[in-house]
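> Any chance you can model this:
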Amino acid sequence: MDGKAMTLVPIHNVGAVGVVKDRPGHTIPPEAWTDSANIRFRNKNAVRFAGHTQVYGTPLHVPAGVFYVPGLVASFWFYFSKLKASVWDGSVHTDITRIAGDYTAVEERDWNFTLLGGVPIANNGNDTPQYWPTFSIGTKLLNLANFPASTKAKVVRAFSGHLVALNITEAGTLRPHMVWWSHKTDPGTIPSSWDHTDPTKDAGRTELTDAGGGVILDGLPLGNQFIIYKGSSTHAMRVIGGNDIFGFDMLRGSSGILSTRCVCQIEKGNKHFVVSEDDVLTHVGGRDAESVLDEKVKLALFAEMDSTNYLNSFCFDNSAEQEAWFVYPTAGNVRPNKSLVWNYKTGVPQFRDFDGMSVDVGTVLESLSDTWDGGSGAWDGGDSLAWSEQTRRKIVIGSPANTKLFKLDDGFAFGATAPTAFLERIGLAVIGLDRQRQPKVDFDKRKLLSRIWPLIKGTAAVSVRVGAQEELEGAVVWQASKVYDPVQKYLDFEANGRLLAVRFESVDNLPWQLEGYGVEITILGTH
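The predicted model follows:
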């Protein structure tokens, strides 16, 4: 090579690695990205995230907590504010707040929900747990019968036919390390007793006395265990039978959970995805846990989280996409506005804008009037939705900011807005291909990027920018953006430096996906 020859360097598999923010751009593979927003990495391609659309009309009040309740004849969507509870039965919104008056939840995040043998139970930590005795919109919620008087629990969950109450306040006395469990119930019934002193009942209680682990924040079933999370420790509750009913073991003494709701089941309930105070982990109930974001986006994630309102964060499983979502407020925000989306099949991280305080998964009945030509997406536009989605289980978001319920992964608008979706890569030092036809890099030689060949499918208007850096950690000097023309197939630029940068961006409500791109590079020398 005489230093002036032009080389076309193709970059393939642009969705295989995802975003890597915790390492300098020049140290990561050419197909990785240093930043992105609202881009899903699927099948080694980069696809603009689907949107979320309003469902069920206008709620009666702010829907901070969302809870799906399946019934034998009909199903229901519950939603809760700090004061009220309502239900949607498929045709009408109905207030089912207890007859005694409004609730007294302190924060929108305080509501937690569970199904015990099909009986819906809601709890907020400041009122007696509530249950729905009859699956009828004419029935109000009631105080959970037989629950001890003058007692509150931060979290109530169902496990192995029992209700488990965590972090107890009894007669005004806080017992943050306490675990209670009820007498075992038959399906369709509520516990007949919580009396741990009654030898004819299998109710009980224990205290997790590792004070250094912090207070109990949450718990969730995992196979034949119930995992209890404190701020800095993790415990397992197991059925052992006999007089004790349950046995308890500490799994990890230095790792717990960031906040209540920051754990979810993934992989069909066989694993927990949990965000701790300084890591993102998965585990199967043993003493070992796997950190899934090391040297990817872990440091960036915790750095941008709001230092006070991180308590509003939560996790959920998007099983249709094999993704675990961690939703959190960035600095200066109170409610969650962003989500880390980790694909647990590929290990690829990505980020998406978010608007809500709670989600649940359930059947969403849609209109049957959709036609073949009624959709907004192109045939080859990266639309992943199947034709037979009418009665599939979907994710519904409760959005207090909008007083709306949204269906996730539907359409391309994000509610009433068109999101900015982009991919960005800086620190790119490619100069050609090696013998295996893979991109090779050189950090010393100056390069001129004169043309880029994006392989983009879809109908969105995608703008492309290129830039260059002189130093490894230097600032990028960006060129003016140009809108990609699929007819022309390439865009001409003049960017030169030791390191190059590229950015693809859209700001409309149309689909697109990037399957790869090529850059024409001329080596200018080392000066």
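
> what about the stretch 351-500 of the chain, any weak spots by pLDDT?
365-392 (pLDDT under 70).

> Repeat the analysis, applying 50 as the threshold.
367-390 (pLDDT under 50).

> Spell out the residue ranges of the strands in it.
For the stretch 351-500 of the chain, the strands defined by DSSP state E, counting those that start in this stretch cover 358-363, 393-399, 404-408, 421-428, 430-433, 439-441, 446-458, 463-469, 477-478, 482-483, 491-497, 499-506.

> and if you look at the stretch 1-150 of the chain?
6-11, 35-37, 39-42, 45-48, 52-55, 65-69, 76-80, 85-88, 93-95, 112-116, 119-123, 130-131, 142-143.

> Tell me which of these sits nearest to Gln436.
strand 6-11 (13.0 Å; C-beta to C-beta). Where you see a C-beta, it was placed from the backbone N, CA and C, and this is true even at glycine.

> tell me the angle of the closest one relative to strand 499-506?
50 degrees (axes from the mean of the first three to the mean of the last three C-alpha atoms, to 10 degrees).

> And strand 6-11, what does it pack against?
strand 430-433, strand 439-441, strand 512-525 (3 or more C-beta pairs under 8 Å, 6 or more residues apart in numbering; DSSP states H and E).

> what's the spacing between Met178 and Thr169?
Computed as C-beta to C-beta, to the nearest Å, the Met178 to Thr169 distance reads 9 Å.

> my bad, Pro454
On the measure of C-beta to C-beta, Pro454 and Thr169 end up 58 Å apart.

> how far does stretch 69-80 sit from the chain's center?
23 Å (C-alpha atoms, centre = their mean, to the nearest Å).

> Settle it for me: which of Met178 and Thr169 has more neighbours?
Legend: neighbour count by other C-beta atoms under 10 Å for Met178 and Thr169, higher for Met178 (20 against 17).

> That one contacts Thr209, correct?
No - in this structure, Met178 is not within contact of Thr209 by C-beta atoms under 8 Å, at 10.1 Å.

> Next, name the residue at the spatial heart of the protein.
Nearest residue to the geometric centre of the chain (C-alpha atoms, centre = their mean): Trp325, 1.6 Å.

> Provide the strand pairings for the helix or strand harbouring that one, with the direction of each partner.
Using DSSP states H and E, Trp325 sits in strand 323-328. The pairing partners recorded for strand 323-328 under DSSP bridges are strand 314-318 (antiparallel), strand 338-343 (antiparallel).

> okay if I get these as TSV plus mean pLDDT, mean neighbour count and distance to Trp512?
Putting the strands paired with strand 323-328 into TSV (pLDDT from 0 to 100; neighbours: other C-beta atoms under 10 Å; distance: least, C-beta to C-beta, whole Å) gives the following:
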stretch	mean pLDDT	mean neighbour count	distance to Trp512
strand 314-318	98	24	21
strand 338-343	98	23	18
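
> wait, which of the ones you listed is closest to Ser36?
Using C-beta to C-beta, those put strand 338-343 closest to Ser36, at 10.7 Å.

> Just the CA coordinates for that closest one, please, in PDB.
What follows is strand 338-343, C-alpha atoms only, in PDB (Å, rounded to 0.1, in the frame of the first residue of the first chain):
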ATOM      1  CA  LYS A 338     -35.100   5.100  31.000                       C
ATOM      2  CA  SER A 339     -34.600   1.400  30.800                       C
ATOM      3  CA  LEU A 340     -31.600  -0.900  30.500                       C
ATOM      4  CA  VAL A 341     -32.800  -3.800  28.400                       C
ATOM      5  CA  TRP A 342     -30.600  -6.900  28.700                       C
ATOM      6  CA  ASN A 343     -31.200  -9.800  26.300                       C
END
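
> starting at the chain centroid, how far to that strand?
5 Å.

> can you check stretch 61-77 too?
Mean C-alpha position of stretch 61-77 versus that of the full chain (C-alpha atoms, centre = their mean) differs by 20 Å.

> Could you pull out the helices in the stretch 151-300 of the chain for me?
298-304 (DSSP state H, counting those that start in this stretch).

> related to what we said a few turns ago, can you check which of the strands of the stretch 351-500 of the chain gets nearest to Pro349?
Counting by C-beta to C-beta, Pro349 lies closest to strand 421-428 out of the strands of the stretch 351-500 of the chain; the figure is 13.5 Å.

> Give the partner strands of the closest one in its sheet and their orientations.
strand 35-37 (antiparallel), strand 499-506 (antiparallel).

> Distance to Pro24 and mean neighbour count for the ones you listed - can I get that in JSON lines?
Converted to JSON lines, the strands paired with strand 421-428 look like this (distance: least, C-beta to C-beta, whole Å; neighbours: other C-beta atoms under 10 Å):
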{"stretch": "strand 35-37", "distance to Pro24": "13", "mean neighbour count": "20"}
{"stretch": "strand 499-506", "distance to Pro24": "10", "mean neighbour count": "23"}
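
> Number of residues surrounding Val396?
The number of residues near Val396, taken as other C-beta under 10 Å, comes to 27.

> measure it to Ile121 for me?
Noted for Val396: a distance of 19 Å to Ile121, by C-beta to C-beta.

> cool, Tyr68 as well?
Distance from Tyr68 to Ile121, by C-beta to C-beta: 13 Å.

> ok, now Ala468?
Using C-beta to C-beta, Ala468 is found at 59 Å from Ile121.

> before we move on, the earlier item: how about the strands of the stretch 351-500 of the chain, which one is nearest Glu295?
Nearest of the strands of the stretch 351-500 of the chain to Glu295, taken as C-beta to C-beta: strand 421-428 at 15.1 Å.

> Output the closest one as CSV, nothing but the C-alphas.
Taking C-alpha atoms only, strand 421-428 is exported to CSV below (Å, rounded to 0.1, in the frame of the first residue of the first chain):
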residue,chain,number,x,y,z
ALA,A,421,-33.3,6.6,18.1
PHE,A,422,-29.6,6.5,17.4
LEU,A,423,-26.5,4.4,17.2
GLU,A,424,-23.1,6.0,17.8
ARG,A,425,-19.6,4.6,17.5
ILE,A,426,-16.5,6.7,18.3
GLY,A,427,-12.8,5.5,18.5
LEU,A,428,-13.1,3.5,15.3
